[in-house]
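J.: Pasting the sequence and the predicted coordinates here, then a few questions.
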Amino acid sequence: MIRATHELHDRRRGRNFGLGLILAAFVAIVFGMTIVKVGGGQDVLGTGMVSKETPQ
Amino acid sequence: MSDTSLHTISRGAEPELRDYFALMKPRVMSLVVFTALVGLLVAPVHVHPFITFTSVLFIALGGGASGALNMWWDADIDRKMRRTAKRPIPAGRVSEGEALGLGLALSGLSVMMLSLSANLFAAGLLAFTIFFYVVIYTMWLKRWTPQNIVIGGAAGAFPPMIGWAVATGGVSVESLLMFSLIFIWTPPHFWSLALFMKSDYDDAGVPMLTVTHGHDSTRRHILAYTILLTACSLGLAFTSIGGPVYLVTALVMDFRFLVGAWKLLRRSTAQAEADAYGEEKRFFKLSLWYLFAHFTALLADAALSALFGGLA
């Protein structure tokens, strides 16, 4: 008999959920880097984090 | 398809996320994160906190990629060693092809993202580190020469240099000395481990110094490298990133490390076997504290100088 859910499905779901979180974090990182780089050290979003000097 | 066959497929064919994470050698990655972060924070150039975070993350990812590629190549010997038999590939949780794919993908991603986050020089150094660890150390030196650890240790020594390069875009005496500190520390660290893990390397056919030249020669090598390490550690104290905290830490840790190496030299294999390699295990543990203390002290001096520089 084929059950609706199996340990295999649980594992797959867990992995897919984790991968989704990683991808979301990656998008957030790229967005954050863009804001910092485009802002050239200026506090574009008003986060209070300002760079004195950015590496070339 | 029966329930039994489904269950059979689930073993090995359906790894969990933590299996992939284990492929990246998280313990080695923690050392990479720590030393890269120190290298970045002690540099004389201020870096935006978010760029600091992303750069260290991508350096760690590069380190993880090297770990996955190392596990892919070394899967055959990992199966033979007690210490490594539970790694994802020998345990059958991840296939060799998956490890290769993950390693290559993360290598490319980490280098590309570090070049965007920091600069091309730092990204180039990271690419070279991955190449050095995977090709020069894992594929070439590890199974060929008893000096594998000496030259291969360079791979683990690059992270503080990369951290420094993220901030400054270049190399300096300070970053070279931080590199040398880990580079010269690696042989005594690993040889002390090999002294009490002898049969593991024997079984796998890895030409560790303990296997090819014996324990007495290994003990002499440990002392010689410890003396060299002392010079390097004290030298760093007199550069721009050294300070009072670092100097005191280096003096104390160098003295303890030298005493430890001297004790190892004075022991015979029979004495070591009699107390289950107690002194060797203590020296190995001390080596971990040695490196941690040095880099923490560098960070403390940087914090002090920022504090007093800010007040002045």
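T.: On my side now, so go ahead.

J.: Number of residues surrounding the nearest residue to residue B:137 once chain neighbours are set aside?
T.: Distances taken as C-beta to C-beta, 6 or more residues apart in numbering or on different chains place residue B:152 nearest to residue B:137, at 3.4 Å, with adjacent residues excluded. Quick note: C-beta positions are derived from backbone N, CA and C, even for glycine. Residues within reach of residue B:152, counting by other C-beta atoms under 10 Å in any protein chain shown, total 21.

J.: Was I right to think residue B:152 contacts residue B:133?
T.: Yes: in this structure, residue B:152 is within contact of residue B:133 by C-beta atoms under 8 Å, at 7.3 Å.

J.: any idea how far residue B:135 is from the residue nearest to residue B:137?
T.: Using C-beta to C-beta, to the nearest Å, one gets 11 Å for the distance from residue B:152 to residue B:135.

J.: could you give the mean pLDDT of the helix or strand encompassing residue B:156?
T.: Residue B:156 belongs to helix B:148-168 when assigned by DSSP states H and E. Averaging pLDDT along helix B:148-168 gives 91.

J.: helices or strands next to that helix in the packing?
T.: Applying 3 or more C-beta pairs under 8 Å, 6 or more residues apart in numbering or on different chains; DSSP states H and E, one finds that helix B:148-168 contacts helix B:26-41, helix B:49-73, helix B:96-117, helix B:120-131, helix B:173-196.

J.: Would you mind giving the ones you listed as CSV with mean neighbour count added?
T.: Shown next, in CSV, are the helices and strands packed on helix B:148-168 (neighbours: other C-beta atoms under 10 Å in any protein chain shown):
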stretch, mean neighbour count
helix B:26-41, 21
helix B:49-73, 24
helix B:96-117, 19
helix B:120-131, 21
helix B:173-196, 23
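
J.: What residues does residue B:196 make contact with?
T.: Residues near residue B:196 by C-beta atoms under 8 Å, 6 or more residues apart in numbering or on different chains: B:272, B:277, B:280, B:281, B:284.

J.: Of these, which is the nearest to chain A?
T.: Chain A has its nearest neighbour among those in residue B:284, at 34.1 Å by C-beta to the nearest C-beta.

J.: Can you tell me the closest non-neighbouring residue to that closest one?
T.: Using C-beta to C-beta, 6+ apart, the closest residue to residue B:284 is residue B:192 (4.4 Å).

J.: likewise residue B:249?
T.: Nearest one to residue B:249, counting by C-beta to C-beta, 6+ apart, is residue B:297 at 3.8 Å.

J.: Model confidence score at the one you found, please.
T.: On the pLDDT scale, residue B:297 gets 97.
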